[in-house]
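Participant: Predicted model follows, preceded by the sequence.
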Amino acid sequence: MKKFIALLLVMGLVVSAGIIWATESVIILDDPELKAYVATEYHLEGTVPLGTSVKVNGADVEMFRRFESVVPLNPAPSYTHIKVEAFDEDNNIIENQTLHIENYYKTEVVFTLDKNTMLINGDEIEIDAPARKSGIYLYVPFDDVCKAFYGKGSTWDEETQTETFSGGGYDVSIPFDSKYYYVNGEKKKLFQHRPFRVDNKTFVPHWFPEDALDCTRPWSNDKNTVEYVKEFHPEKDFEVSEENENSVIDFDGFRTSLISEPELGIKGEIPDKTIIMVDGKDLELIQKFRTTVSLKNEPTMTPVRIEAFGKDGKILETKEEMINGFDGIYIKLWLGKSEMQVKREMVPIDVPPQIVYDRTMVPIRAIADGFDAETTWINETKTIIIEFGSTRILLPLGSKISTVNGQDVTLDVAAQVINGRALVPIRFIIEAFDAEITWFAAERSIEIRK
């Protein structure tokens, strides 16, 4: 029975990919690939029983049990729908399957330091202003990134001192008088690396297009080159299955876990004599069920698929939820590493954590940004003011005495400037923010949670 259920589960997963199966399939396709990259045609092969004829998109296919067909694909990005029908000797339809073939394309863009060209899918294109460095980080012209992906550039508004881009489903706004930027109305923090303008172009830090335009940035050891890759997929224009009005899966709900506990708790209730599977795992249960699934260790939603089967192995219902594993504040730093992790995003920092007089010192601005705290520099008194919720910290540089909510606190090591950035003992700032800290000696890293 379990093998039969497992077979149905596999078939159910194929349904989610875009194939509609009969209860007992007679059309056996040779592992159809449902994605194509800038393709013009699709090669379809399969097998049916003797005495069966096949039509593909209404056209008869010559065959003897095995059949082959070549179907033209719509230009990328788009879907092409292929209907495969099987008929008996009396020309009665036995089964039909519909494949939804996704044809997509991608654009690869490469910028090189001080070079007045960029590469778009290997072709060299001239640009007005080359990529350049500010400190140790590479900055790229945002206007040219937008042109490479969408064929139109960004716009600078002199009156409001704002760079904007609108296209491809993205509305990006970068006000120069703010430490925030906006993507489709969502407010996001710029951290330490602000855009700047040179030669009538707005330059953004190398990580910015990845976040603002939802592209990827492949890792490279070459610090003078940055590459961006964006895939362009079609909008789904079909429905695989209809919503089940008579739901048999009664959820108690999903428990979204903390990032430090990358699991999802699921529990609920189903009718008697029903079998439940979660992401393909068969659960032992009597009506009530409870399980956990692992969340993806990356900044994306995790799909969770739950299926209910009758005792005869027939699928009764399928539910799929997208779960966000983020909750609370999470920061991870490594000694000597010029990057830190904020939730599941890697963020560059100018000065890495380091040991000073046997104490771990961290860049206060980076930590404050990770907590979304406000920082203010008072030049006359060489004092940093940090405000986080109801907590207010006054931190004079060079002094072991700080003030937290009006109370004097003594630091083990005075706050000090190293390579142009203020560093403080991590223990002090974590206690002031009432957060938790964990030290991992093997990888010389620090985790902060709140």
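Facilitator: Cool, got the structure.

Participant: who does the longest strand seen in the chain pair up with?
Facilitator: The residue-count maximum for a strand in the chain (DSSP state E) belongs to strand 93-112. Within its sheet, strand 93-112 is paired with strand 35-37 (parallel), strand 78-87 (antiparallel), strand 117-120 (antiparallel), strand 225-232 (antiparallel), according to DSSP bridges.

Participant: low-confidence ranges in the stretch 151-300 of the chain?
Facilitator: 192, 238-300 (pLDDT under 70).

Participant: so can I have JSON lines of the strands paired with strand 93-112 showing mean neighbour count and distance to Gly185?
Facilitator: Any C-beta I mention is one placed from the backbone N, CA and C, and that applies to glycine too. Formatted as JSON lines, the strands paired with strand 93-112 follow (neighbours: other C-beta atoms under 10 Å; distance: least, C-beta to C-beta, whole Å):
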{"stretch": "strand 35-37", "mean neighbour count": "13", "distance to Gly185": "31"}
{"stretch": "strand 78-87", "mean neighbour count": "19", "distance to Gly185": "28"}
{"stretch": "strand 117-120", "mean neighbour count": "18", "distance to Gly185": "29"}
{"stretch": "strand 225-232", "mean neighbour count": "18", "distance to Gly185": "21"}
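
Participant: and those strands as CSV, adding distance to Glu447?
Facilitator: Output for those, formatted as CSV (distance: least, C-beta to C-beta, whole Å):
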stretch, distance to Glu447
strand 35-37, 37
strand 78-87, 43
strand 117-120, 38
strand 225-232, 28
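
Participant: Nearest to Lys450 among those would be which one?
Facilitator: With C-beta to C-beta as the criterion, Lys450 lies closest to strand 225-232 of those, at 32.5 Å.

Participant: Mind listing residues that contact that closest one?
Facilitator: Here strand 225-232 makes contact (C-beta atoms under 8 Å, 6 or more residues apart in numbering) with 76-77, 104-113, 131, 138, 140, 145, 148-149, 206, 209-210, 213-218, 220.

Participant: Filter those residues down to the buried ones, PyMOL style.
Facilitator: In PyMOL, a selection of the buried entries from the contacts of strand 225-232 looks like this (16 or more other C-beta atoms under 10 Å):
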select buried, resi 76+77+104+105+106+108+109+110+111+112+113+131+138+140+145+148+149+206+209+210+213+215+217
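
Participant: secondary structure class for the most far-flung residue of the chain relative to its centre?
Facilitator: Note on the chain: the largest C-alpha distance from the chain mean falls to Asp90, namely 51.9 Å (C-alpha atoms, centre = their mean). When classified by DSSP: H, G, I helix; E, B strand; the rest coil, Asp90 comes out as coil.

Participant: Would you list the phi and psi of it?
Facilitator: Asp90 has phi and psi values of phi -90, psi 10 when expressed as degrees, to the nearest 10.
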